[in-house]
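In: 3D, please:
(chains A and B)
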2 protein chains.
Amino acid sequence: MSRITCPVLTTRVTTAEVAVEQIGPGDNVGMSGFTGAGYPKAIPTALHDRIVAAHSRGEDFRIGLWTGASTAPDADGVLAEAGGVSSRLPYNSDPTMRDLINRGEVDYVDAHLSHSAQHMWFGFYGNLDVAVVEVAAILPNGLLVPGSSVGNNKTWLEQADRVVLEVNHWQPREFEGFHDVYYGAALPPGRRPIQLTDPMERIGDPYLRVDPAKVVAVVETDRPDRNSPFSPPDATSHAIAGHVLDFLSAEVAAGRIPPSLLPLQSGVGNVANAVLAGLDGSDFTDLVAFTEVLQDGLLDLLDSGTVRAVSATSFGLSDVGVERFRDNISSYKGRILLRSEEISNHPELVRRLGVIAMNGMIEADIYGNVNSTHIAGSAIMNGIGGSGDFTRNAFLNFFLTPSTAKGGAVSAFVPMVSHVDHTEHDVQIIVSEHGLADLRGLSPRARALRIITNCADPSFRPALLDYFERAQAARPQAVHTPHLLDEALSWHQRLLETGSM
Amino acid sequence: MSRITCPVLTTRVTTAEVAVEQIGPGDNVGMSGFTGAGYPKAIPTALHDRIVAAHSRGEDFRIGLWTGASTAPDADGVLAEAGGVSSRLPYNSDPTMRDLINRGEVDYVDAHLSHSAQHMWFGFYGNLDVAVVEVAAILPNGLLVPGSSVGNNKTWLEQADRVVLEVNHWQPREFEGFHDVYYGAALPPGRRPIQLTDPMERIGDPYLRVDPAKVVAVVETDRPDRNSPFSPPDATSHAIAGHVLDFLSAEVAAGRIPPSLLPLQSGVGNVANAVLAGLDGSDFTDLVAFTEVLQDGLLDLLDSGTVRAVSATSFGLSDVGVERFRDNISSYKGRILLRSEEISNHPELVRRLGVIAMNGMIEADIYGNVNSTHIAGSAIMNGIGGSGDFTRNAFLNFFLTPSTAKGGAVSAFVPMVSHVDHTEHDVQIIVSEHGLADLRGLSPRARALRIITNCADPSFRPALLDYFERAQAARPQAVHTPHLLDEALSWHQRLLETGSM
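Out: Okay, the predicted model is just below:
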């Protein structure tokens, strides 16, 4: 059965090679895609070819590339390889694109994901020339059935001058009804409260809207999302998860959170999946997630019934997870809702719902400032993503990390972070495999003792304590946040010079 | 006419010397007070005497001191002088208290003001033993007419085991009706949307509530708030204000904000007052403020009619301003609303209303990270206050500062800030007397050129450019945020060693 049943849009069906003529040098292009799910599968490669051809003729051809978040090698990757991107926002994890950003060849704007759509509406990013959005189907009335991510698609479809749709037959047609796209957004001063009080409440439509007059091309594809291989949790991740679960149990026992906890947000990756796996063996039941990404661990929890429902903006599954979801898709209906990222990450909702946020990091300093984005101050890794949206507004926030990296050569705990993404005013709980530092209500000096003693690797503890003590002795009249400025970043400098801290 | 007309509470009237017996060693005490307005006038001095007497007997006597924000010499000041404070939150500007914090004798928790009340409810700060709250009157039914600030009073009154009320006859009795105290707050998962869509909408009660059974003492006072001398804007402030106003005019012309702007938030001080003064001579009309503090500049704008109304949590007036307000109080009724600081600073409301935020700072780095709190990394000045609440969630945010301090010896623009309170992901517009740097949608390298060229003092520009260029040359494969880690904090180190950057 055809996925494209809207008469007027049926007339726009064409090939990627023809459709890509709609994108010209200097255009800003808003693409779908979030955590490697729901990105366009055909246009980026066709655009790569068009750009390479232009470059071979000596012509300049670069675009501004805006997405939901990370995409895939056949989206970010091929466009980076073509040298076809001048600027990029709001999040990237593609290694080729990252390399160009770090070489100064791509201007990267690393924005809070809850800000990216509204900053586009506010006019802060300039005009959006083209939207390229993957969907699962086009209905007879022109409404669009979204696919495996929503991200910024609503905004790109609304704001772009021209729209190219990719209808991907690989996306389950049964996705219809899995989405809740909020159409109540407005510009100030006309904004209203977002009337959501439970993670699974529907406040929008199951469909994306598009003005058919703007749709210049529709391209059909049949290609899978980029999915990551699944790696089972290791001993370090298990240990971190154990500390988190013990802490949550203690908070329940103290009466500070309900036995079914509060809505969970969890970053992607091995450590996050270990925490989720740990929940499955725990006494916690009737849990709910209000998060960005639905990863394998959450699918397990949905299957076991430990988690009753998940609100997110995207899937971020392994190959195994994708197959499991596709094979049992009807069992998830009504228990999974995908929303726009402005809603999945909205400060108003994260604070109201009292989210428990769990994210990874690159490093923390002894006073509780967290670096989520930069290696040794200068080179970006991925970006802040939604970690700021959730951390600042959460009921409880956790930062989870192994205590060392690079076989023990690098400490995740340093005298001063080389870049700050989450300030000492925001960070509550830090966890490594060695233990947990509860920083709530503590002064910077008290935080330092707790982080060094509970979280740092024993091989780095003496040096951290030594720094802390010498910093206090050096300027006893200035010990609110004791630092030795000529030494604060020396661990990172040593890393650059010797490969080890 | 008596200010205390509730029969049961009339029986609790006593002296400060008797009332203060309710506060013992180790107690956590929640006091009223915000920007030197509405703090208790009698109990702190009586407590000072009690503490000094205990210390002279060799007894330990220190309290945890929680407030709305800054208080006054006869509150924070006397308690600091007595050595009677073990911990302090969420904001302080008292020099004696600051000195003890920086000497490590007081543990200071520098919290976002929109977080302080809820973190108390969440149980993160421990038990609140006593509330000491100044009010303007007690009504026959026991409801309390608030005074010149609301701050965290609602929370302290609700949460404390024991309550001491100070009824200050100096506070105008006509304050009745100037307040809107929201009583819809709840703990997750029971939280509801805050249904405020205009800064002047009433969503609460004009009165504070207290359980009469908890009121252990009522003390009458007749003493003025601590008010600051008014200093007229200088040339530097005028220049900064001019750049802000030109920018706002250009944004209106570009259609990005309405001709009557969006709700204004403005920090306290000379520069902020200069911007407000500039608005009075501008074409902008029908303005409204959604802010923390109502300072002299806003009073002028209310008088001229340029601003139609102000929502805040506190007054922060000069002596002259206070007299003007008191003499004409009836003319302000319905045009000024004081709210709890959790509402005046609420992320949900700041984002929904699209606030234009303007705050001062200590320094910014060339990549747009802002330090609002620390001198040379270690010594705290005041605290983050509400600047994070407003900056992160604003439609537009500005950071305003003279380009130099200490007669030109210190640059407000440095290679790397010595402490981060507002990250590169949050900061939009930086302004000095030399010009304005619009950072919206820019990568870190592009921000650097704009900040150095537009804002830094010419005497520091060559050294900043030199750093920026050498940092790019040193590691060409890592220039997303180019830094020389062994030099990044050298300007501050030089300042410590030589008194000059």
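
In: helix/strand/coil for A:Arg450?
Out: Secondary structure state of A:Arg450, per DSSP: H, G, I helix; E, B strand; the rest coil, is helix.

In: Check what pLDDT the residue of the stretch 151-300 of chain A found nearest chain B gets.
Out: The nearest approach of the stretch 151-300 of chain A to chain B comes at A:Pro188, 2.5 Å away (Cβ to the nearest Cβ). (Glycine included, C-beta is placed from N, CA and C.) Per-residue confidence (pLDDT) for A:Pro188: 97.

In: and it, what does it touch?
Out: B:262, B:352-354, B:395 (Cβ atoms under 8 Å, 6 or more residues apart in numbering or on different chains).

In: Distance check, it against A:Leu349.
Out: According to Cβ to Cβ, to the nearest Å, A:Pro188 and A:Leu349 sit 18 Å apart.

In: Next: A:Val78.
Out: Taken as Cβ to Cβ, the span from A:Val78 to A:Leu349 is 35 Å.

In: Of the two, give the one with the bigger neighbour count.
Out: A:Leu349 (26 against 21; other Cβ atoms under 10 Å in any protein chain shown).

In: and the helix or strand containing the more buried one with chain B, contact?
Out: Assigned by DSSP states H and E, A:Leu349 falls within helix A:347-353. Yes: Helix A:347-353 reaches chain B (Cβ under 8 Å from any Cβ of the partner chain) through A:347-348, A:351-353.

In: JSON lines please, covering those and showing pLDDT and neighbour count.
Out: Converted to JSON lines, the residues of helix A:347-353 next to chain B look like this (pLDDT from 0 to 100; neighbours: other Cβ atoms under 10 Å in any protein chain shown):
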{"residue": "A:Pro347", "pLDDT": "98", "neighbour count": "22"}
{"residue": "A:Glu348", "pLDDT": "98", "neighbour count": "24"}
{"residue": "A:Arg351", "pLDDT": "98", "neighbour count": "21"}
{"residue": "A:Arg352", "pLDDT": "98", "neighbour count": "23"}
{"residue": "A:Leu353", "pLDDT": "98", "neighbour count": "25"}
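
In: does the strand or helix carrying A:Val310 come close to chain B?
Out: Element membership for A:Val310 (DSSP H and E) is strand A:307-312. No: contact of strand A:307-312 with chain B (Cβ under 8 Å from any Cβ) is absent, the minimum separation being 13.0 Å.

In: tell me the mean pLDDT for that strand?
Out: 98.

In: Beyond it, next helix or strand please.
Out: That would be, after strand A:307-312 and using DSSP H and E, strand A:314-316.

In: what sits up against that following strand?
Out: For strand A:314-316, using Cβ under 8 Å, 6+ apart, the contacting residues are A:34-38, A:68-69, A:148-151, A:225, A:228, A:268, A:292-295, A:322, A:325, A:338, A:341.

In: quick one on the thing from earlier: pull out the buried positions in the strand holding A:Val310.
Out: By neighbour count on 16 or more other Cβ atoms under 10 Å in any protein chain shown, the buried set for strand A:307-312 is A:307-312.

In: got the residues of the stretch 301-450 of chain A near chain B?
Out: Close to chain B, as judged by Cβ under 8 Å from any Cβ, the stretch 301-450 of chain A has residues A:347-348, A:351-354, A:369, A:374-380, A:384, A:388, A:392-393, A:395, A:416, A:418-426, A:440-443, A:445-446.

In: so A:Leu9, which of the three states?
Out: helix.

In: roughly how far apart are it and A:Asp161?
Out: From A:Leu9 to A:Asp161 the distance is 17 Å (Cβ to Cβ).

In: first to last residue in stretch A:182-198, what's the distance?
Out: 15 Å (Cα to Cα, to the nearest Å).

In: What of stretch A:412-429?
Out: First residue to last in stretch A:412-429 (Cα to Cα) measures 15 Å.

In: Give me the distance from it to the chain's centre.
Out: Averaged C-alpha coordinates place stretch A:412-429 at 19 Å from its chain's average position (Cα atoms, centre = their mean, to the nearest Å).

In: Can you tell me the closest non-neighbouring residue to the residue in the stretch 351-500 of chain A positioned nearest to chain B?
Out: Using Cβ to the nearest Cβ, the single residue of the stretch 351-500 of chain A nearest to chain B is A:Gly354, 2.4 Å away. Distances taken as Cβ to Cβ, 6 or more residues apart in numbering or on different chains place B:Pro188 nearest to A:Gly354, at 2.4 Å, with adjacent residues excluded.

In: go on, A:Leu157?
Out: A:Val210 (4.7 Å).

In: before we move on, what about A:Met97?
Out: Using Cβ to Cβ, 6+ apart, the closest residue to A:Met97 is A:Ala80 (4.1 Å).

In: A:Val310 now?
Out: A:Ala289 (4.3 Å).

In: So A:Gly147 versus chain B, what's the distance?
Out: Here the criterion is Cβ to the nearest Cβ, to the nearest Å. By it, A:Gly147 lies 28 Å from chain B.

In: Return the residues in contact with that residue.
Out: By Cβ under 8 Å, 6+ apart, the residues touching A:Gly147 are A:32, A:37-38, A:134-136, A:168, A:171, A:175.

In: ditto for A:Asp27
Out: Listed by Cβ under 8 Å, 6+ apart, the contact partners of A:Asp27 are A:63-64, A:129-130.

In: and what of A:Asp76?
Out: A:44, A:65, A:67, A:70, A:88, A:92, A:94, A:96-97.

In: ok, 7 Å please
Out: By Cβ atoms under 7 Å, 6 or more residues apart in numbering or on different chains, the contact set of A:Asp76 is A:92, A:94, A:97.

In: A:His434 too?
Out: By Cβ under 7 Å, 6+ apart, the neighbours of A:His434 are A:403, A:454-455, A:457.

In: And these, which of them are buried?
Out: A:403, A:454-455, A:457.

In: Among those residues, find me the one that's closest to B:Arg50.
Out: A:Asn454 (37.7 Å; Cβ to Cβ).

In: quick one on the thing from earlier: sitting in helices, which of the contacts of A:His434 do you find?
Out: A:Asn454 (DSSP state H).

In: doesn't A:Ala437 fall inside a strand?
Out: Yes: per three-state DSSP, A:Ala437 lies within a strand segment.

In: give me the beta-bridge partners of it?
Out: A:Ile430 (DSSP bridges).

In: for the stretch 301-450 of chain A, what are the low-confidence residue spans?
Out: The model of the stretch 301-450 of chain A has no residue with pLDDT under 70.

In: quick one, helices of the stretch 1-150 of chain A?
Out: A:7-10, A:16-19, A:43-56, A:78-81, A:95-102, A:113-121 (DSSP state H, counting those that start in this stretch).

In: in the third one, what counts as buried?
Out: Under the neighbour-count criterion of 16+ other Cβ under 10 Å, helix A:43-56 has A:43-48, A:50-52, A:54 buried.

In: Touching stretch A:53-62 from outside, list them.
Out: A:25, A:51, A:83-86.

In: any idea of the mean pLDDT for stretch A:118-129?
Out: In the prediction, stretch A:118-129 has an average pLDDT of 97.

In: residues making contact with it?
Out: Here stretch A:118-129 makes contact (Cβ under 7 Å, 6+ apart) with A:27-30, A:111, A:155-156, A:159-162, A:187, A:342, B:256, B:395, B:440-441.

In: Next, the contact list for the residue in the stretch 201-350 of chain A that chain B sits nearest to, please.
Out: Here the stretch 201-350 of chain A gets closest to chain B at one residue, A:Glu348, 4.0 Å apart by Cβ to the nearest Cβ. Going by Cβ under 7 Å, 6+ apart, A:Glu348 touches A:194, B:347-348, B:351.
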